[in-house]
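Peer 1: I'd like to go over a predicted model; first the sequence, then the structure.
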Amino acid sequence: MPDAVRPAARVTAINQSLAPLRSYLDIWESLRRQQDVCDFVLGNPQEMPLPGFVDAIRRHAEPQDKDWFAYKRSEPEARDVVAKALREWRGLPFEPEDVALTPGAFGALETAFRAFLDPGDEVVFSLPPWFIYEPMLLSVDAVPVKVRVRSDDHDLDLDAIGSAIGPRTRAVIVNTPNNPTGRIYPPQTLAALATLLADASHHWGKPIWLISDEPYARLVFSDAEFHSPSEFYPHTLISYSYGKVMLTPGERIGWLALSPSIPDREPLREAIELSQIAAGWLFPNAVLQYALGDLERLSIDQVDLEVKRDLLAGELWAAGYDLRLPEGTFYLWVRSPDPDDVAFCRRLADSKVLVLPGSICEVPGQFRISLTASNDMIDRALPAFRAAGRQTVHG
């Protein structure tokens, strides 16, 4: 290809990091609309949306003045809604100005990366990860540094994180509740991580940011309790998305919040807004911001979600699968009976059951099931899970 028409060099690296996902999504797209397919691949809705969500959008779509659909930044009313919720939820004195409204957690992370990372800065995160961290970091010329979680309980490996931190480390990403494992990191882990980061910040003479990615923070099962890393470490940025708790991932609204424990936040607030503008106006659309007071109160049926978790996990255990019960999110993270997880997932696809191979999350030999599937899908998929497991075991 002539140099004059080459894309930016970083695009090649982004393409390489996304290649496994893009390859499998091509298969998924070709199959998911076929009749009787059981789709467990992504956290997509498989049933009609919450009536309260539809009602809120309809109500707030009615214009009240000529500027109703004009350019919007982070609207003051929406910021107030989030700051009040955070004060009640987290017990920290969040101010409205600490909150930037974004197009989902995607937009929150992109804003954080652009506001606080320089080219060549290193960012540490744990495997298995949300599979878009790496391409997003590459898009801002940052350097992903990967460590693995503990194999026995999927908790953070603090020794590995500590060993990965060096003079170029600018941030550590923690995703809790974790996608794909469903692990909620306990207070003792988060407190130890805070001590580790404070010591490393002192050693290297600069604060290391903790980016706490929390889009599933409200999706916590009854046998677990969520704690935010912001409770333990002052230099924390929190990203959040409403698309998970309402199961509306195509309606892009979320936020990035500065911990109120960070001193001298005004320059940081300005850096965030400047980054949102320069990155292509990374603000949610007007109607979603107007509706946020209504949306803040909505949630999918979490009792039903827990019933699905327990049913599927129990059936998979009975069929010989190895998995740890998730504490949050709406995923099951399961060991594949076949070490070739992609081949195993394709065998399931032959039976019209679609799941996500663990290789896409950089952990071969696993696969992920989304509990957002309908009850009918789950019922129809169980025989296929049993048969695929037997087929692998017996050759």
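Peer 2: In hand now; what should we look at? This one's a predicted model, so the numbers in the text were calculated from it and none came from an experiment. Residues are numbered from 1 along each chain as shown.
Peer 1: which ones are touching Leu354?
Peer 2: Trp28, Leu31, Arg32, Val37, Cys38, Asp39, Phe40, Val41, Cys345, Leu348 (Cβ atoms under 8 Å, 6 or more residues apart in numbering). From N, CA and C alone the C-beta is placed, and that goes for glycine too.
Peer 1: and if we set it to 10 Å?
Peer 2: 24, 27-28, 31-32, 34, 37-42, 345-346, 348, 369-370, 373, 377, 381 (Cβ atoms under 10 Å, 6 or more residues apart in numbering).
Peer 1: Hmm, Ala8 is touching Ser139, no?
Peer 2: Yes. Contact criterion Cβ atoms under 10 Å: Ala8 and Ser139 qualify, at 9.4 Å.
Peer 1: Can you flag which of the contacts of Leu354 belong to strands?
Peer 2: Cys38, Asp39, Ile369, Ser370 (DSSP state E).
Peer 1: neighbour-wise, which of the residues you listed leads?
Peer 2: Ranked by the number of neighbours (other Cβ atoms under 10 Å), the ones in strands among the contacts of Leu354 place Ile369 first, at 27 neighbours.
Peer 1: Kindly provide the distance from that residue to Ile173.
Peer 2: From Ile369 across to Ile173, the span is 24 Å (Cβ to Cβ, to the nearest Å).
Peer 1: Same question for Pro144.
Peer 2: Pro144 is 9 Å from Ile173, by Cβ to Cβ.
Peer 1: Check Ala319 too.
Peer 2: With Cβ to Cβ as the criterion, Ala319 and Ile173 are 34 Å apart.
Peer 1: Comparing the two, which residue is more hemmed in?
Peer 2: Neighbours were counted for Ala319 and for Ile173 using other Cβ under 10 Å; Ile173 has more, 23 against 17.
Peer 1: how would you label that one: helix, strand or coil?
Peer 2: Using DSSP: H, G, I helix; E, B strand; the rest coil, the structure places Ile173 in strand.
Peer 1: Tell me who's in contact with it.
Peer 2: Residues near Ile173 by Cβ under 10 Å, 6+ apart: 109, 112-113, 123-126, 129-130, 133, 137, 144, 209-213, 237, 239.
Peer 1: pLDDT score assigned to it?
Peer 2: Looking at Ile173, its pLDDT is 98.
Peer 1: Is it bridged to anything, and to what?
Peer 2: Under DSSP bridges, the beta-bridge partners of Ile173 are Ile211.
Peer 1: ok, now how distant is it from Ile262?
Peer 2: Ile173 is 17 Å from Ile262, by Cβ to Cβ.
Peer 1: now swap in Arg22 and tell me
Peer 2: 37 Å.
Peer 1: Neighbour count: these two, which is higher?
Peer 2: Higher neighbour count among Arg22 and Ile262: Ile262, with 16 against 10, using other Cβ under 10 Å.
Peer 1: Correct me if wrong: the more buried one contacts Asp98.
Peer 2: Yes. Here Ile262 reaches Asp98: they are 8.6 Å apart, a contact under Cβ under 10 Å.
Peer 1: what is in contact with the two at once?
Peer 2: Here Ile262 and Asp98 have Leu268 as joint contacts, going by Cβ under 10 Å, 6+ apart.
Peer 1: Leaving out sequence neighbours, find the closest residue to Asp322.
Peer 2: Arg335 (4.0 Å; Cβ to Cβ, 6 or more residues apart in numbering).
Peer 1: Residues in a beta bridge with the one you found, which ones?
Peer 2: Asp322, Gln366.
Peer 1: how about it, what does it touch?
Peer 2: Leu316, Tyr321, Asp322, Leu323, Arg324, Asp341, Gly358, Val363, Gly365, Gln366, Phe367.
Peer 1: any idea how far Ala384 is from it?
Peer 2: Counting by Cβ to Cβ - Arg335 and Ala384 are separated by 17 Å.
Peer 1: dump the residue contacts of the closest residue to Pro263 other than its chain neighbours.
Peer 2: Nearest residue to Pro263 in three dimensions, chain neighbours excluded: Pro234, at 8.0 Å (Cβ to Cβ, 6+ apart). By Cβ under 10 Å, 6+ apart, the contact set of Pro234 is Ala194, Leu197, Ala198, Pro207, Leu210, Ser259, Pro260, Ser261, Ile262, Pro263.
Peer 1: and of those residues, the nearest to Gly182?
Peer 2: Relative to Gly182, the closest of these is Leu210; by Cβ to Cβ it sits at 20.9 Å.
Peer 1: Isn't that closest one up against Glu231?
Peer 2: No. Contact criterion Cβ under 10 Å: Leu210 and Glu231 do not qualify, at 11.3 Å.
Peer 1: Now the helix or strand harbouring Ser163: buried residues?
Peer 2: Ser163 is located in helix 158-164, with elements delineated by DSSP states H and E. Counting neighbours by 16 or more other Cβ atoms under 10 Å, one finds that the buried residues in helix 158-164 are Ala160, Ile161, Gly162, Ala164.
Peer 1: Throw these into JSON lines and include pLDDT and distance to Ile57, thanks.
Peer 2: Converted to JSON lines, those look like this (pLDDT from 0 to 100; distance: Cβ to Cβ, whole Å):
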{"residue": "Ala160", "pLDDT": "98", "distance to Ile57": "44"}
{"residue": "Ile161", "pLDDT": "98", "distance to Ile57": "41"}
{"residue": "Gly162", "pLDDT": "98", "distance to Ile57": "46"}
{"residue": "Ala164", "pLDDT": "98", "distance to Ile57": "43"}
